[in-house]
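A.B. asks: Sequence and predicted model, in that order:
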Amino acid sequence: MKTKLSILTALLLAPLAALHAAAPQRPNILVIVADDMGYADCGVQGCKDVATPAIDSLAKNGVRFTNGYVSGCVCSPSRVGIVTGRYQQRTGHDANPKASFGLDLKETTMAQRMKAAGYVTGMTGKWHLGEEKEQMPPARGFDEFYGILPHGIAAEKKGSGVQVWRGYDKVETPPDHTVKFGEEAEAFIERHKSQPWYLYLPFTAVHAPHVAPESYVKKFAHIEDKGRRQLCAMISVMDDRIGAVLAKLRALKLEENTLIFFISDNGGPMSRAVHNGPLRGGKWTVWEGGIRVPFMVQWKGRIAPGRVLDTPVIQLDFLPTALAAAGFGVPPSGGSETGGPAKAGTPNLDGVNLLPLLEGKTDKLQRDALFWRFGVQFAVRQGDWKLTKASRDMQPALFNLAADIGEKNDLAAQQPDKVKQLQALWDSWNAQNIPPRWDDQRWNGLEEKAANKQEKKAKGKKGKKRQTGTTS
Ligand SMILES: [Ca+2]
């Protein structure tokens, strides 16, 4: 009798159990950002002198985008795009902020949206979106925050070290920021292993100054160029910390249910230490070298491994993709916002949901073009075509990126109608923006010229430093 009852109970509960098992579990969301990493400064992107097994594993286990972009060619504007899913020019945040400037407080952050969706939210690393109390991560949707507020670890007076925060509290400077940010990320995941979480992990690596624990510097003693040696050491320590975070996910059996994004916030600054591969230009420019970055997405439970896609994508897509993955409606690009946990009346997003592309259900996105604006510089990409003015001294130039990734062959004179059409497209986009609220002394696009000049002088004037600006 007892056995019969047990069987009966089991039969009655079976459909419920099946329903529970079938209910989609909301995935954790992990956004990992490298700072100033070059397009070709990890193994899967062609780097030869430093191994990056952890970053490479994201590509092997997920999707690597060869045409992955960021909307900003310098740190802070690119981060506006990550945390809002909107072009930073919508709020005039075209340049790195100075003094008390920061992310427009009217903007809704990804953390706020994920929090409203029931996620616990955390950040460890570099913020660079305002240093006043109301601009700090805990005021902008993050339940937990450990990290720094300005552009880098050398942002404050020499010798004193940049201030590190836990929530709103000042805490001690760690021996190595990259190591500590990774450890804090692991601890966050451990603490919240039983609930859906969103973790934003923007490393200060590999932004200058290129520092790493001595054991890492020793690993690269064979590299003659001191700048490259130190950069490789920093890339290596960051990769190891990413590897430790991935190992933590695996150990907690969260790997299948965690959607992971990895990018660099902008291209590598043009110097001999950074590798941007075949791309022209670098940080501070809207040449491909400033805006095209390593870009990978892993979600073992949903995305097939090892695919390489050439569809243009941008960091603005993280937010809508995460919302869709969490099972919420995605606010559209254009039109009124619908669905999702965002407050009614919040502005539209510029990113699109990448899940159908990531899952192989489509090879096209519902997006016509991508846009950039940085001082006198601008660019628009539609299909394989890019119209760009990357310096004060040049006229808009037209490139076919599929045939000419290095932007060497200007086709503007041969294709004036294409130039006009793309210019009109950009003008129409820019009409929706507001003017920059502050400027950047290097956005006249002369950086490349300065770098070329330095290259010529390098042999004769050893040790002479390239001109650098205020913040980066
Ligand atoms: Ca950066």
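C.D. replies: Structure received. Numbering: from 1, shown residues only.

A.B. asks: residues near G327, how many?
C.D. replies: 12 (other C-beta atoms under 10 Å). Glycine gets a C-beta too; all of them are placed from N, C-alpha and C.

A.B. asks: any idea which element it lies in?
C.D. replies: Following DSSP states H and E, one finds G327 outside all helices and strands.

A.B. asks: Which positions in the chain make contact with the ion?
C.D. replies: Selection of the chain residues close to the ion by C-beta under 5 Å from the ion yields D35, D36, C75, D265, N266.

A.B. asks: what bits of the stretch 351-472 of the chain have low per-residue confidence?
C.D. replies: 447-472 (pLDDT under 70).

A.B. asks: tell me the pLDDT at the closest residue to the ion within the stretch 301-450 of the chain?
C.D. replies: Scanning the stretch 301-450 of the chain for the residue nearest the ion gives Q315, at 12.0 Å (criterion: C-beta to the ion). As predicted, Q315 sits at a pLDDT of 98.

A.B. asks: Around it, how many other residues sit close by?
C.D. replies: There are 28 residues near Q315, going by other C-beta under 10 Å.

A.B. asks: Contact partners for it?
C.D. replies: Y69, V70, S71, S78, G81, I82, I263, F295, G351 (C-beta atoms under 8 Å, 6 or more residues apart in numbering).

A.B. asks: What is the nearest of those residues to the ion?
C.D. replies: Looking across the contacts of Q315 and measuring by C-beta to the ion, the closest to the ion is S78, at 6.7 Å.

A.B. asks: The closest one contacts V70, doesn't it?
C.D. replies: Yes. Applying C-beta atoms under 8 Å, one finds S78 in contact with V70, separated by 4.5 Å.

A.B. asks: Need the residues touching each of the two.
C.D. replies: With C-beta under 8 Å, 6+ apart as the test, S78 and V70 both reach D265, N266, Q315.

A.B. asks: Neighbours of the first one, how many?
C.D. replies: In other words, D265. D265 - counted by other C-beta under 10 Å - has 28 other residues nearby.

A.B. asks: Now for the residue nearest to it when sequence neighbours are not counted: which residues touch it?
C.D. replies: Leaving aside its chain neighbours, D265 sits nearest to S78 (4.4 Å; criterion: C-beta to C-beta, 6 or more residues apart in numbering). Residues in contact with S78, defined by C-beta under 8 Å, 6+ apart, are V70, S71, G72, Q88, D265, N266, Q315.

A.B. asks: Name the member of those with the most neighbours.
C.D. replies: Neighbour-wise, these (other C-beta under 10 Å) top out at N266, 32 neighbours.

A.B. asks: Wait, a strand at it?
C.D. replies: No. Assessed by DSSP: H, G, I helix; E, B strand; the rest coil, N266 does not belong to a strand; its assignment is coil.

A.B. asks: one step back: reformat the shared contacts of S78 and V70 as a markdown table; add distance to D404.
C.D. replies: Output for the shared contacts of S78 and V70, formatted as a markdown table (distance: C-beta to C-beta, whole Å):
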| residue | distance to D404 |
| --- | --- |
| D265 | 26 |
| N266 | 22 |
| Q315 | 24 |
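
A.B. asks: and W372, backbone torsions?
C.D. replies: Per-residue torsions, W372: phi -140, psi 150 (degrees, to the nearest 10).

A.B. asks: show me the contacts for it.
C.D. replies: S71, C73, V286, I291, F378, A379, V380, T388.

A.B. asks: Now do the same contact list for the fourth one.
C.D. replies: Contacts of I291 were listed using C-beta under 8 Å, 6+ apart, and they are Y69, V70, S71, G72, C73, N266, G267, W372, A379.

A.B. asks: Quick check, the fifth one in contact with E288.
C.D. replies: No. Under the criterion of C-beta under 8 Å, C73 lies out of contact with E288, with a separation of 10.2 Å.
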